[in-house]
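K.L.:
how would this look folded up:
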Amino acid sequence: MFLEVDLGIARIKTTIAKYQKQVDEAIQALMSSSMNRNRLIGLDTIQWQTPSGKSKIALLQLSDGSQCLIVRIVYFYRLPQSLFNFLSFPGFTFVGFGIKDAMASLREEHGLVCKNVLEAGHSGSRSSMLYLVKNELRTMPIPPIHYMPATWCPEDDLTDDLVKLAVSNAHTAFRIRDKLIFYP
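P.N.:
Here you go, the predicted model:
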């Protein structure tokens, strides 16, 4: 499924993937984008609570600032090899808020490993850098957390609000690190 998600500051071409071909094509687009000069990819996950009370990853989001791939993990018996290859490719750095926890879950649940990861939230102690991050966040329409339905099951259709939340999370991580990557 392909759609455009309007985040207010950007319109993000989004692929919601339930099939290998969709994942393969979206990853090819992410890898070949000439707009991503720093070769950063925002990465985030959305989890759901299983009936037994355990949290499991339901969605994996990857964004390069102009496009986003949302992988509906529950639909895959085995994740596409292209996803394994992309995440372990040393030419890209994957950024996210709490990325180490997300990667630990992805590794434990699905065997996915990233070659290069970078925490988007770490901004050091310099006040001018903190100002830049706050200023950047102020322009981003981050949906409220209540967009995640309490009764949501990963097989359910994704609501417009949930898609916007997923895209916004990965896009925000990308934008923050893209702004800070060459900050003096």
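K.L.:
In the protein, which helix is the longest?
P.N.:
helix 160-180 (DSSP state H).
K.L.:
Mind giving me the packing neighbours of it?
P.N.:
strand 2-6, strand 11-17, strand 40-49, strand 55-63, strand 67-72, strand 93-96, helix 127-138 (3 or more Cβ pairs under 8 Å, 6 or more residues apart in numbering; DSSP states H and E). In this view, the C-beta of every residue, glycine as well, is placed from N, C-alpha and C.
K.L.:
Kindly recompute the last result at 10 Å.
P.N.:
Under the contact criterion of 3 or more Cβ pairs under 10 Å, 6 or more residues apart in numbering; DSSP states H and E, helix 160-180 touches strand 2-6, strand 11-17, strand 40-49, strand 55-63, strand 67-72, strand 93-96, strand 117-119, helix 127-138.
K.L.:
By mean pLDDT, show me the worst of the ones you listed.
P.N.:
Summarising mean pLDDT across those, the least confident stretch is helix 127-138, with a mean of 53.
K.L.:
ok, E119 - contacts?
P.N.:
V95, G96, F97, G98, I99, K100, A173, R177 (Cβ atoms under 10 Å, 6 or more residues apart in numbering).
K.L.:
Please save the CA atoms from stretch 18-33 in CSV.
P.N.:
What follows is stretch 18-33, C-alpha atoms only, in CSV (Å, rounded to 0.1, in the frame of the first residue of the first chain):
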residue,chain,number,x,y,z
LYS,A,18,2.8,-6.7,4.2
TYR,A,19,4.6,-8.5,1.3
GLN,A,20,8.2,-9.1,0.4
LYS,A,21,8.0,-7.3,-3.0
GLN,A,22,6.8,-4.1,-1.2
VAL,A,23,9.7,-4.3,1.3
ASP,A,24,12.2,-5.0,-1.5
GLU,A,25,11.0,-2.0,-3.6
ALA,A,26,10.9,0.4,-0.7
ILE,A,27,14.4,-0.5,0.5
GLN,A,28,15.7,-0.1,-3.1
ALA,A,29,14.1,3.4,-3.1
LEU,A,30,15.7,4.3,0.3
MET,A,31,19.1,3.1,-0.8
SER,A,32,19.0,5.0,-4.1
SER,A,33,17.7,8.3,-2.9
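K.L.:
Could you pull out the buried residues of stretch 109-117?
P.N.:
Buried positions in stretch 109-117, judged by neighbour count with 16 or more other Cβ atoms under 10 Å: H110, L112, C114, N116, V117.
K.L.:
Tell me who's in contact with the nearest residue to the first one once chain neighbours are set aside.
P.N.:
By the measure of Cβ to Cβ, 6 or more residues apart in numbering, the closest residue to H110 outside its immediate chain neighbours is L79, 5.7 Å from it. Under the criterion of Cβ under 10 Å, 6+ apart, the contact list for L79 reads Q20, V23, L60, V71, I73, L87, L106, H110, G111, L112.
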